[in-house]
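Here is the input, now give the coordinates:
(one chain, ligands or ions: 2)
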Amino acid sequence: MSSTPGRFISFEGIDGAGKSSHIESAAAWVRDRGQTVVVTREPGGTRLAEQLRGLVLGEAMDPLTETLLVFAARRDHLQVVIEPALARGDWVLCDRFTDATFAYQGGGRGFDLTVLDRLEDWVQQGRQPDLTVWFDLPPPVAAERRAAARAPDRFERQDEAFFTRVRDGYARRCMQAPHRFARIDSEHPREAVWQSIRELLETRAW
Ligand SMILES: Nc1ncnc2c1ncn2[C@@H]1O[C@H](COP(=O)(O)OP(=O)(O)OP(=O)(O)O)[C@@H](O)[C@H]1O
Ligand SMILES: Cc1cn([C@H]2C[C@H](O)[C@@H](COP(=O)(O)O)O2)c(=O)[nH]c1=O
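Ligands and ions are numbered 1, 2, ... in the order given. You can find the predicted model right below:
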């Protein structure tokens, strides 16, 4: 059992914003302070949710189907991984959580935000991250980074207008929950971004 209560920290941003480049460093930083850390991701994190991830990232579907699948994956992830870890006092660092649904399905796809509000309440029963690190980056810069890094999936093939709406979706969530959100300027060089994350962990996660 850990000496302090666990924390739930989510990492968010448009595709290519730099989350994955920093989440393991953040986990190592927390472990160095004596905490047990679970690093996980959405959609995914359990056997079932990883299967749903494969469908969501690979198969064409309508926005309602997409929304229900990401929430189904989230429900399993919460029950099997996140809630048990927090109950043990572990820290959970999660590459994306429900803010991604509001940004991608709500902002990007234009799906009804009031339905998302209801699904969020229903699936999460009040569970929210203690801290959300939002890696903010202009869509054209993120597209350049992605193009240099890998072949695109179904979301990454979307155009700049889609990612502008996703980014606006994150900005809306940030304005609605300023106590939980922290915006990081991800256009800075990697070391400067990491410095911002470290300061954030020191001041707002502990
Ligand atoms: N600050 C930075 N400056 C320049 N390049 C960066 C920076 N941070 C990350 N990158 C590079 O940008 C690419 C995308 O980064 P990364 O995979 O971490 O993004 P991501 O937010 O996890 O994306 P996704 O959510 O789509 O998986 C990688 O090639 C990475 O090396
Ligand atoms: C949680 C969640 C994710 N997505 C999208 C966003 C990304 O394009 C992919 C996940 O892949 P990545 O490796 O994290 O970039 O899924 C979504 O549309 N809705 C969600 O709720």
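
residue boundaries of the helices in this structure?
19-31, 47-58, 63-77, 83-88, 98-100, 113-124, 139-149, 160-176, 190-200 (DSSP state H).

Can you tell me which residues in the protein are near ligand 1?
Counting by C-beta under 6 Å from any ligand atom, the positions of the chain adjacent to ligand 1 are 13, 15-21, 135, 145, 149, 189-190, 193. C-beta here means a position set from N, CA and C on the backbone, and glycine is covered the same way.

Swap in 5 Å and give it another go.
15, 16, 17, 18, 19, 20, 21, 145, 149, 190, 193 (C-beta under 5 Å from any ligand atom).

returning to what we had before: among the helices of the chain, which is nearest residue 5?
Nearest to residue 5, of all the helices of the chain, is helix 83-88, at 8.1 Å by C-beta to C-beta.

Quick check: mean pLDDT of that closest one?
Averaging pLDDT along helix 83-88 gives 98.

How far does it sit from its chain's centre?
19 Å (C-alpha atoms, centre = their mean, to the nearest Å).

List the buried residues of that helix.
Neighbour-count burial for helix 83-88 flags 85, 86 (criterion: 16 or more other C-beta atoms under 10 Å).

Residue numbers of the chain in contact with ligand 2?
Residues of the chain found near ligand 2, taking C-beta under 5 Å from any ligand atom as the criterion, are 15, 42, 70, 96, 100, 101, 104, 155.

any chance of these in a markdown table, with neighbour count, distance to residue 32 and pLDDT too?
Shown next, in a markdown table, are the residues of the chain next to ligand 2 (neighbours: other C-beta atoms under 10 Å; distance: C-beta to C-beta, whole Å; pLDDT from 0 to 100):
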| residue | neighbour count | distance to residue 32 | pLDDT |
| --- | --- | --- | --- |
| 15 | 20 | 29 | 98 |
| 42 | 23 | 25 | 98 |
| 70 | 24 | 33 | 98 |
| 96 | 22 | 24 | 98 |
| 100 | 27 | 28 | 99 |
| 101 | 26 | 32 | 99 |
| 104 | 27 | 33 | 98 |
| 155 | 17 | 34 | 97 |
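
most neighbours per residue, which of the helices of the chain?
Counting by mean count of other C-beta atoms under 10 Å, helix 98-100 has the highest mean neighbour count of those, with a mean of 26.
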